[in-house]
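Undergrad: sequence below, structure please.
(chains A and B)
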There are 2 protein chains.
Amino acid sequence: MKKIINDPTTVVDEALAGMASAHADLLRVSLDPMYITRADAPIAGKVALVSGGGSGHEPLHGGFVGAGMLDAACPGAVFTSPTPDQVLAAAQEVDGGAGVLLIVKNYTGDVLNFETAVELADGIEMATVVVDDDVAVKDSTWTAGRRGVGGTVPLEKIAGAAAARGDDLASVLSIAQRVVANVRSMGMALTPCTVPHSGEPSFTLADDEMEMGVGIHGEPGRERMKLAPADDIVATLLDSVVGDLPFSSGDKTLLFVNGMGGTPLIELYLAYNSARKYLADKGIEVTRSLVGNYITSLEMQGCSITLLKLDDELTELWDAPVHTAALRWGV
Amino acid sequence: MKKIINDPTTVVDEALAGMASAHADLLRVSLDPMYITRADAPIAGKVALVSGGGSGHEPLHGGFVGAGMLDAACPGAVFTSPTPDQVLAAAQEVDGGAGVLLIVKNYTGDVLNFETAVELADGIEMATVVVDDDVAVKDSTWTAGRRGVGGTVPLEKIAGAAAARGDDLASVLSIAQRVVANVRSMGMALTPCTVPHSGEPSFTLADDEMEMGVGIHGEPGRERMKLAPADDIVATLLDSVVGDLPFSSGDKTLLFVNGMGGTPLIELYLAYNSARKYLADKGIEVTRSLVGNYITSLEMQGCSITLLKLDDELTELWDAPVHTAALRWGV
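TA: Reported below is the predicted structural model:
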């Protein structure tokens, strides 16, 4: 296992300490229980957004804490759900009196632990939105139903903007649900990744193989295929994504090409170019774009493609100012 | 070779086409000769900044084109210098009448081809700054003198801010030279990378080996060592970086922990944390930070550490608004 770490048992703590000192103006980090909050939390009268999940997907979620996006993120151990007490402590820390929206990726452990936090919460109004945008498989290793993957990023951005403009909890929830209803993703891997604790790759792929529909923890996808050109990879992903909602000619969309952590930006822009050609052929308009490593699987090589159908309000919320470690504009 | 590409000979063209469509509001791309310019270039009366170099280091340099940073970038083939005609065409395109500063990383081919562009330029006032911040080796595969590496990023940011505030060519050059005089870097690799054209890794490393002082094209460094903990890796890099300028107790610095392309953010933040502890022990103050993949070597795993000694003016220029694909704040 080749990693820049000191000890497999302290990777998350040390990385969080690094985040805290690199972004001291923006973030505060609690190590026990483990959560990251906006430095200026709580914001009185604003709905607070709390997300979280296993570590190893950086910058998700801690890199999205800040003005216009999340109020708090709860990182679990690598690829392990955060505990209810983390979620509860974070929610208590950031609650500004207008309630808390929990944003949960659809994995069995995450859903259970966030729900338990809601049950334990006393005197805080809470709502939950579960994102399950991965069209690859119906059920998976750690999931009943579809997995939550790339769609989480625009969900957190857009719901965060709704909260920032002063929407109440029911309205922020409604916007979040509209994103979930209109976002679809699928990913693929060229290589596996290695959880520091285990020291072994999560799966193996031959030199000429790739995993189509892979999960963000290396869960099996739809099919192990022979390595193919980028245009074919993108077409396979987008056939499934576009066909699922479905997205139709004339739709305005956000196109998000995400790297799995080990794939360089030059390949992501190349895949983005393939996706633009594919969508142009279908008459699907790309009005907003995001290209880069935003929801990763440690050092896995591969990419995912997320499409979000945009209306004027979702576009405006996407464009609204955001100031986080990983996404920043307008401020 | 596992990559998300269509054809090794069209990787750069396709990735640039992707950048052009992903950032159509920000960038214009010319494919023959190949260069990227600000969409709003030329800016009348502003000194224009032009950089470039081999592709494969994304987001450098194209990701740094935009308000407050570069006016143009000239990408060569992967790990291959851009040609003089590219540089000249880009300079002519972005010259706003106040002259052009060429920012050149110190590689023999780059220096020669940028110099030839200066000789060919007729009627455009030009100046050149060469960055050679890599303390690892004196001469290298493609270099006489030190290599230009991570220091290029703060150089382009700070010189770009000086140009944006209205400094004349001599003043922007002077600021750029001050950055070069005060910035030092060193990098390391856990794995090699594969140039698409060649299809073979640029070098090989055993499962328990790393290359200390590696170049951004996989050039040999100082020493091939046994894999070590992050704290030791960072100490080895910083011993050389700090000792070189030297940086001293009480100095205010920008600490830039850069990923080589295949190393995930969780490891970069962990390395950043190690670096903060090391510098705190030396009494060197970190007043600005940058953590992420900004000057990469395709899918190479590894990191580099750059330290820039800051004064009030350099800090102010670092903080000034920037709007590019890869660095954005204040706007």
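Undergrad: okay, CA-based contacts and neighbour counts for the rest of this
TA: Fine.
Undergrad: domain assignment for chain A?
TA: With domains defined by automatic domain parsing, chain A comprises A:8-182+A:320-329, A:184-311.
Undergrad: can I get these in TSV including mean pLDDT and distance to B:Asp122?
TA: Below are the domains of chain A laid out as TSV (pLDDT from 0 to 100; distance: least, Cα to Cα, whole Å):
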stretch	mean pLDDT	distance to B:Asp122
domain A:8-182+A:320-329	97	39
domain A:184-311	97	34
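Undergrad: which stretch among those domains comes nearest B:Ala176?
TA: Across the domains of chain A, B:Ala176 has its closest neighbour in domain A:8-182+A:320-329 (24.9 Å, Cα to Cα).
Undergrad: first-to-last residue distance for the closest one?
TA: 35 Å (Cα to Cα, to the nearest Å).
Undergrad: cool, and stretch A:45-59?
TA: One end of stretch A:45-59 to the other measures 27 Å (Cα to Cα).
Undergrad: let me see the contact set for A:Gly330.
TA: When contacts are counted by Cα atoms under 8 Å, 6 or more residues apart in numbering or on different chains, A:Gly330 touches A:320-322, B:329-331.
Undergrad: the stretch 201-331 of chain A: helices as residue ranges?
TA: In the stretch 201-331 of chain A, the helices defined using DSSP state H, counting those that start in this stretch lie at A:230-244, A:265-282, A:312-319.
Undergrad: pick the most deeply packed of those helices.
TA: helix A:265-282 (a mean of 23; mean count of other Cα atoms under 10 Å in any protein chain shown).
Undergrad: is that helix up against chain B anywhere?
TA: Yes. Using Cα under 8 Å from any Cα of the partner chain, helix A:265-282 reaches chain B at A:265-274, A:276.
Undergrad: A:Ala91 and A:Ala163, how far apart?
TA: Distance, A:Ala91 to A:Ala163, using Cα to Cα: 15 Å.
Undergrad: neighbour count: those two, which is higher?
TA: More crowded of A:Ala91 and A:Ala163, by other Cα atoms under 10 Å in any protein chain shown: A:Ala91, with 31 against 28.
Undergrad: quick one: secondary structure of that one?
TA: State at A:Ala91, reduced to three classes by DSSP: H, G, I helix; E, B strand; the rest coil: helix.
Undergrad: now do the end-to-end distance for stretch A:118-131.
TA: End to end - Cα to Cα - stretch A:118-131 spans 17 Å.
Undergrad: can you give the contact residues for that stretch?
TA: For stretch A:118-131, contacts defined as Cα under 8 Å, 6+ apart pick out A:88, A:92, A:95, A:97-106, A:111, A:147-149, A:151-152, A:169, A:173, A:176-177, A:180.
Undergrad: what of stretch A:11-27?
TA: A:5, A:28-29, A:31, A:36-40, A:55, A:65-66, A:77-78, A:196, A:324-325, B:266-274, B:276, B:288-291.
Undergrad: now do stretch A:169-180
TA: By Cα under 8 Å, 6+ apart, stretch A:169-180 touches A:47, A:98-101, A:127-133, A:151, A:154-155, A:158-159, A:162-163, A:308, A:314.
Undergrad: so which of these sit within helices?
TA: A:154-155, A:158-159, A:162-163, A:314 (DSSP state H).
Undergrad: any chance of these in JSON lines, plus distance to A:Ser51?
TA: Formatted as JSON lines, the ones in helices among the contacts of stretch A:169-180 follow (distance: Cα to Cα, whole Å):
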{"residue": "A:Pro154", "distance to A:Ser51": "13"}
{"residue": "A:Leu155", "distance to A:Ser51": "11"}
{"residue": "A:Ile158", "distance to A:Ser51": "14"}
{"residue": "A:Ala159", "distance to A:Ser51": "12"}
{"residue": "A:Ala162", "distance to A:Ser51": "16"}
{"residue": "A:Ala163", "distance to A:Ser51": "14"}
{"residue": "A:Leu314", "distance to A:Ser51": "20"}
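Undergrad: can you map out the strands along chain A?
TA: Counting by DSSP state E, chain A has strands at residues A:27-31, A:34-38, A:48-55, A:72-78, A:100-105, A:126-131, A:183-189, A:209-212, A:223-226, A:252-259, A:285-292, A:302-309, A:322-323, A:328-329.
Undergrad: reformat the ones you listed as CSV; add distance to A:Val11 and mean neighbour count.
TA: Converted to CSV, the strands of chain A look like this (distance: least, Cα to Cα, whole Å; neighbours: other Cα atoms under 10 Å in any protein chain shown):
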stretch, distance to A:Val11, mean neighbour count
strand A:27-31, 12, 20
strand A:34-38, 13, 26
strand A:48-55, 10, 28
strand A:72-78, 9, 27
strand A:100-105, 22, 26
strand A:126-131, 27, 20
strand A:183-189, 24, 30
strand A:209-212, 27, 23
strand A:223-226, 31, 14
strand A:252-259, 21, 25
strand A:285-292, 23, 19
strand A:302-309, 23, 28
strand A:322-323, 26, 22
strand A:328-329, 26, 19
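Undergrad: so can I have TSV of these showing distance to A:Glu200?
TA: Output for these, formatted as TSV (distance: least, Cα to Cα, whole Å):
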stretch	distance to A:Glu200
strand A:27-31	27
strand A:34-38	26
strand A:48-55	17
strand A:72-78	14
strand A:100-105	25
strand A:126-131	29
strand A:183-189	17
strand A:209-212	18
strand A:223-226	20
strand A:252-259	21
strand A:285-292	26
strand A:302-309	18
strand A:322-323	36
strand A:328-329	35
